[in-house]
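Visitor: Sequence and predicted structure, then a few things I'm wondering about:
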Amino acid sequence: MLACGLATNFVLSKQPLDQGLETINKCFSRKTVEEILSMLITMIENEAANGDNKWIIRAISSMKSASPTSLKIFLKSIREGRTKELNDCLSQDYTITCHMIRRSFNPDFFEGTKAKLLQKDKQPKVQEEVVLV
């Protein structure tokens, strides 16, 4: 990432990456956003005694505060990006961003940004909820 100019800093992690890699793979290999969120919650419940789950709690909180539509779009984008060239990924990301800003398909992104930056309650009014099965 540093070599291609996408990252500007390198920070050495305090703990080895492979320590949490199994948990990351187990959770984020699920097919849908709802399944990923459900698995993260399950991991919290199962690893409550372990105590090393702060990152999982932050991930859950972040996902619950994000637009459900945005989560689904970016999950699909990341998965499709595995087989694309960098230029194609950047072009796709630009196209997605333009559609979100223009509210072409859903106003959730715009509503969330407005709520976080301008409104005092910071509670966006999204059109759909992420439903856990």
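Guide: Ah, there it is. Keep in mind that this is a model prediction, so the values were computed, not measured. Numbers count the residues shown, from 1 in each chain.
Visitor: pLDDT-wise, which helix or strand of this structure ranks last?
Guide: helix 108-117 (a mean of 75; mean pLDDT, DSSP states H and E).
Visitor: and that one, how far from the chain's centre?
Guide: Distance of helix 108-117 from the chain centroid (CA atoms, centre = their mean, to the nearest Å) equals 16 Å.
Visitor: So which bits of it are buried?
Guide: By 16 or more other CB atoms under 10 Å, the buried positions in helix 108-117 come out as 108-109, 111-112, 115. Backbone N, C-alpha and C define where each C-beta goes, glycine included.
Visitor: What of stretch 82-97?
Guide: For stretch 82-97, burial by neighbour count (16+ other CB under 10 Å) applies to 89, 96.
Visitor: What average pLDDT does it get?
Guide: Across stretch 82-97, pLDDT averages out at 92.
Visitor: Contacts for that stretch next, please.
Guide: Counting by CB atoms under 8 Å, 6 or more residues apart in numbering, stretch 82-97 makes contact with 4, 73-74, 77, 80-81, all of which sit outside it.
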